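**Student:** quick one: sequence plus predicted model below, questions after.
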Amino acid sequence: MDTRHNRFVLAVLSAACVTPLSRADVPVAVSLHPPGAMFSTGRAGTGMLQAGEAYFRGDTLRAGLWRGIAGSWVDLNPAGATGSGIFGAAGEQQAGWATVGGITRASIWSSTRESWIDLNPAGSVHSEARGTDGVRQVGDAEVGGLIRASLWTGTAASWVDLNPAGSEASAAYGIEGGEQVGRAFIAGSQHAGMWRGTAASWTDLNPPGGVMSVAYGIGGGQQTGTVFIAGAFRASLWTGTAESWIDLSPANAMDSIAYGTDGVRQVGYAVVDDRIRASLWTGTSASWVDLHAMLPAWYSSSMAYDVYSHGSAIFVIGSANIIDLGDQAMMWVLPNPPAPCNLADITGIGGPPAAPDGLLTGDDFVAFIGAFAADEPLADVTGIGGPPAVPDGLITGDDFVAFIAAFAAGCAP
């Protein structure tokens with residue numbers, strides 16, 4: 001288990017708090033729960049916009065948006081709708097559902113209630129949009145008595161049936177560019193899979209030994225979901241094939257699911273110590289970070305659905321539960337330090353213990369000379385013979401020559 005949360009400066013920001021959330025110096029958990037709401041859920045985010053739904057006493061479930069704080073809630077429930085919700089967002093487009101005229105309809109918005117577009121295809125008795133890349137949308141539609149994975153490009157008439165041949169039912173949950181992910185029921189078993197715009201392009205991602213599986217998220221060449229294997233649901237990561245499957249489930253987890261990915265990080269939940277914990281990974285089981293540990297003790301469980309970076313911050317969107325009160329939309333904001341520009345970028349402004357900051361400055365030079373003279377590990381920037389050899393635990397002339405050359409070369413534009 002990753003215990004880095006013990007070093008976090010933790011905060012839950014109130015609805016009245018305004019903070020520059022595009023920059024996170026320390027991790028914070030931000031409650032997005034709208035004033036007066038009974039319960040709420042954050043589903044997705046993009047830039048400074050977060051999307052989900054909220055329920056108000058005596059009312060209906062309403063799709064809505066936030067811009068970083070609880071008090072920024074914007075109601076997107078269309079006129080005449082008896083309920084609505086959002087599952088995905090990209091750019092200024094949100095994808096979800098609205099119940100109008102007694103039919104639940106796949107829907108998109110462009111950040112206002114008036115922008116609502118009904119995607120329900122002709123002949124469908126129920127449909128939902130589960131994800132969007134800002135241009136195309138995915139989800140499912142019940143047509144001809146069969147629930148079918150579906151693809152749209154902004155209108156009901158653009159509907160494409162993605163249900164693979166022989167599948168008894170299917171649904172698509174995520175989209176990026178020309179690829180879609182979801183699940184299909186094959187010979188009575190639920191299999192995670194991918195499409196590339198047509199039913200015939202279906203690729204089965206169910207790994208060897210998997211009893212059932214689902215793919216929920218896609219981003220940067222990665223797919224995320226869960227596989228039931230060896231008696232447990234295991235948060236899962238793929239890179240386009242069943243054979244690429246990676247088990248993300250942390251040690252001692254009873255069950256886990258990965259819902260979203262940005263191509264670097266994955267988010268979802270893991271059940272550890274009998275508690276459902278919002279979770280973050282960076283590609284391996286050992287990388288697990290317990291996001292629930294950032295929350296005050298009155299939250300009994302939590303889940304994370306989406307992750308993305310904006311400015312110098314990483315945003316994780318989800319919800320946290322208070323017993324007897326219900327779910328509350330939650331946003332975790334984490335530092336996203338820049339990658340070192342080259343091997344001479346060994347510290348940040350002010351010198352150690354500041355982390356590399358993507359810049360080469362006099363602080364890097366002074367820090368290296370000091371560490372080299374003191375035979376300290378900070379000066380170990382390469383191995384014997386110099387780059388591309390990796391640091392080897394020794395401080396030698398190769399480290400000195402490599403540092404001076406990299407410092408003189410500067411950061412690539």
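**Tutor:** The structure has been received and is ready for your questions. Residues are numbered from 1 along each chain as shown.

**Student:** can you give me the helices for the stretch 251-400 of the chain?
**Tutor:** Assigned by DSSP state H, counting those that start in this stretch, the helices in the stretch 251-400 of the chain fall at 362-373, 397-409.

**Student:** what's the shortest one packed up against?
**Tutor:** Contacts defined by 3 or more CB pairs under 8 Å, 6 or more residues apart in numbering; DSSP states H and E place helix 362-373 against helix 397-409. Heads up, the C-betas are built off the backbone N, CA and C, glycines and all.

**Student:** buried sites along the helix it packs on?
**Tutor:** Of all the residues in helix 397-409, those buried under the rule 16 or more other CB atoms under 10 Å are 398, 399, 400, 402, 403, 406, 407.

**Student:** among those residues, which one lies nearest to residue 240?
**Tutor:** Nearest to residue 240 among those is residue 406, at 34.8 Å by CB to CB.

**Student:** dihedrals phi and psi, the residue nearest to the closest one when sequence neighbours are not counted?
**Tutor:** Once flanking residues are discounted, residue 406 sits nearest to residue 344: 3.8 Å by CB to CB, 6 or more residues apart in numbering. The phi/psi pair for residue 344 (degrees, to the nearest 10) reads phi -80, psi -10.

**Student:** ditto for residue 69
**Tutor:** Residue torsions, per degrees, to the nearest 10, at residue 69 are phi -140, psi 160.

**Student:** next, the buried residues of stretch 167-186.
**Tutor:** Neighbour counts over stretch 167-186 (16+ other CB under 10 Å) mark 167, 170-176, 179-186 as buried.

**Student:** try stretch 193-203
**Tutor:** 193, 194, 195, 199, 202, 203.

**Student:** chain center to that stretch: distance?
**Tutor:** In terms of CA atoms, centre = their mean, to the nearest Å, the centre of stretch 193-203 is found 22 Å from the chain centre.

**Student:** neighbours of residue 252, how many?
**Tutor:** Neighbour count for residue 252, taken as other CB atoms under 10 Å: 10.

**Student:** and for residue 111?
**Tutor:** Neighbour number of residue 111 under other CB under 10 Å is 16.

**Student:** excluding its backbone neighbours, what's nearest it?
**Tutor:** Using CB to CB, 6+ apart and skipping the chain neighbours, the partner closest in space to residue 111 is residue 92 (5.1 Å).

**Student:** residues contacting that neighbour?
**Tutor:** Taking CB atoms under 8 Å, 6 or more residues apart in numbering as the contact definition, residue 92 lies against 49, 110, 111, 134.
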